[in-house]
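*Asks:* quick one, fold the following:
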Amino acid sequence: MILATAQLSANEPTPDLVRNTTHRALEKAGLASAHGVLLFLTPEFSRLTQAAVTAAAQAAQCTMVFGGLAAGVLTEEGWTLDRPAAAAMVFGGRASLQPPDEENPQPTLSYSGDWERPWDELSSSEQTTRFGGVFSGEFSENPVQPAVWQCGRTLSPPRAGVQIGGARVEIGVSPGLLLLTPPVRIESASSFTLEKLAHPPLGSQSAFKSLLRHFPIQVPLHQLMALVAKAPDDFDAFPDGDYRILPLVSANSDNSITLAGETLAGEYLCWARRDRWTVPKDVRRSVDQIAARMADPAGALMFSCIGRGPFFYDRDDVDLCVLRERFPKIPIIGCYGTEQIVPKISSRKGFRHTRNSVVMALIAPSGT
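*Replies:* Below you'll find the predicted structure:
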């Protein structure tokens, strides 16, 4: 298995920048051509995505170019945000990228640019384990048209999936959360507004009063998250349970709380906290967990939220640093997006969408 990455940035987005990035990755790998290319580009490439993807395919002499636009890109060399940049990983030797095979138990690397989450209708029934990222293009004051590519061409709708041939993949997820309360039942909710929660034997309480039972008013709301699931035992496998992570948007004058997602009466909710002390500990837990299953990987993938990384850590990406420190000699590629595609680790089947998390995958030759 041969893997290598490269990352280049410039003042202007051009196909030549992508071509040079791919050539540099091939040079590091000692390859004249590749069996697959993972390619992630910053939003500045939104108006010339097909030309950029074609440049990578020509440079690698390979049509299996997979990836998409992202808020930012990263490799083991570092990260780039707010500047035109390209990141590429080339696959050689026995490693390759190939179309998904439903009979192959290998996890499917998936990427989407659709804010409507086009795989939601599949997530409850599909047996495929998916992992990866989503970039909707709506992360700033200047949204861009999302783009995803596979087999060297951009796709509509913007979603794609590949499997890594000749490889074994181990996946870890870091939500970066500290669980602070047991689950309580949601008594009433309307769309994004959480209204009342059940607190036996006290009866129902408004969402904001329920929150104050556990947190002093001085705790910044942006550090608090609502974890929502269909049943209380869905939290038993925390942090790998099948729940939705909904950041708090606002506390309202009627004592309701606005969340960054919808909830339903009858679902269950736990309060959790995310801050600069809880997140690194959780990242190390996740890295230790997958390292125990794969001690000598050949490479790694990392899909982070735009709400994590340098914006969260004040111009550094501690999540990436933890992965590099544990595996200092392997190539790493990834990107920052608006959502993450997470396998349902507790059941080992299906997947879900989440935010503010980091999905990491270690790659090693199959049979090792």
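*Asks:* burial measure for the closest residue to residue 79 other than its chain neighbours, as a count.
*Replies:* Of all residues not flanking residue 79 in the chain, residue 317 sits nearest, at 5.4 Å (CB to CB, 6 or more residues apart in numbering). All C-beta spots, glycine's among them, are computed from the backbone N, C-alpha and C. A count of nearby residues for residue 317, using other CB atoms under 10 Å, gives 24.
*Asks:* contacting residues around residue 317?
*Replies:* By CB atoms under 8 Å, 6 or more residues apart in numbering, the contact set of residue 317 is 74, 79, 304, 308-310.
*Asks:* and the pLDDT at it?
*Replies:* In this model, residue 317 is scored at 95, pLDDT.
*Asks:* try residue 219
*Replies:* So, for residue 219, pLDDT stands at 68.
*Asks:* try the one 4 residues further on
*Replies:* The model reports residue 223 with a pLDDT of 82.
*Asks:* do residue 141 as well
*Replies:* 65.
*Asks:* nearest residue to residue 361 other than its sequence neighbours?
*Replies:* Closest to residue 361 by CB to CB, 6+ apart is residue 301, at 4.4 Å.
*Asks:* report how many residues lie close to the one you found.
*Replies:* Residue 301: 23 surrounding residues under other CB under 10 Å.
*Asks:* I'd like the numbering to begin with 639 instead of 1 from here.
*Replies:* In the new count, where the first residue is 639, that last one comes out as residue 939.
*Asks:* tell me what it is bridged to.
*Replies:* Beta bridges link residue 939 to residue 971, residue 999 when assigned by DSSP bridges.
*Asks:* wait, is residue 695 part of a helix?
*Replies:* Yes. The assignment for residue 695, made by DSSP: H, G, I helix; E, B strand; the rest coil, places it in a helix.
*Asks:* identify the residues contacting residue 705.
*Replies:* Residue 705 touches 675-679, 749, 786-787, counting by CB under 8 Å, 6+ apart.
*Asks:* closest to residue 811 among those residues?
*Replies:* Nearest to residue 811 among the contacts of residue 705 is residue 749, at 16.4 Å by CB to CB.
*Asks:* from residue 799, how far off is the closest one?
*Replies:* Separation of residue 749 from residue 799 (CB to CB, to the nearest Å) stands at 8 Å.
*Asks:* got the phi and psi for the residue nearest to residue 976 when sequence neighbours are not counted?
*Replies:* Nearest residue to residue 976, sequence neighbours excluded (CB to CB, 6+ apart): residue 774, at 4.8 Å. Main-chain dihedrals, residue 774, degrees, to the nearest 10: phi -80, psi -10.
*Asks:* burial of residue 774, as a residue count?
*Replies:* Residues lying near residue 774 (other CB under 10 Å) number 20.
*Asks:* related to what we said a few turns ago, give me every residue that touches the residue nearest to residue 999.
*Replies:* 676, 747, 970-972, 998-999, 1001.
*Asks:* would you agree residue 709 is in contact with residue 977?
*Replies:* No. Here residue 709 does not reach residue 977: they are 11.2 Å apart, not a contact under CB atoms under 8 Å.
*Asks:* of these two, give the one with the bigger neighbour count.
*Replies:* Remark: of residue 709 and residue 977, residue 709 carries more neighbours, 25 against 21, as counted by other CB under 10 Å.
*Asks:* who's in contact with that one?
*Replies:* Applying CB under 8 Å, 6+ apart to residue 709 gives the contacts 680-681, 719, 773, 777, 944, 973-976.
*Asks:* repeat for residue 732
*Replies:* 639, 803-804, 1003-1004.
*Asks:* shared neighbours, residue 749 and residue 799?
*Replies:* Here residue 749 and residue 799 have residue 770 as joint contacts, going by CB under 8 Å, 6+ apart.
*Asks:* the residue nearest to residue 976 contacts residue 784, doesn't it?
*Replies:* Yes. Using CB under 8 Å, residue 774 is in contact with residue 784, at 5.7 Å.
*Asks:* tell me the contacts of residue 876?
*Replies:* Residue 876 sits next to 817, 865 when contact means CB under 8 Å, 6+ apart.
*Asks:* could you look up the SS state of it?
*Replies:* Following three-state DSSP, residue 876 is assigned to coil.
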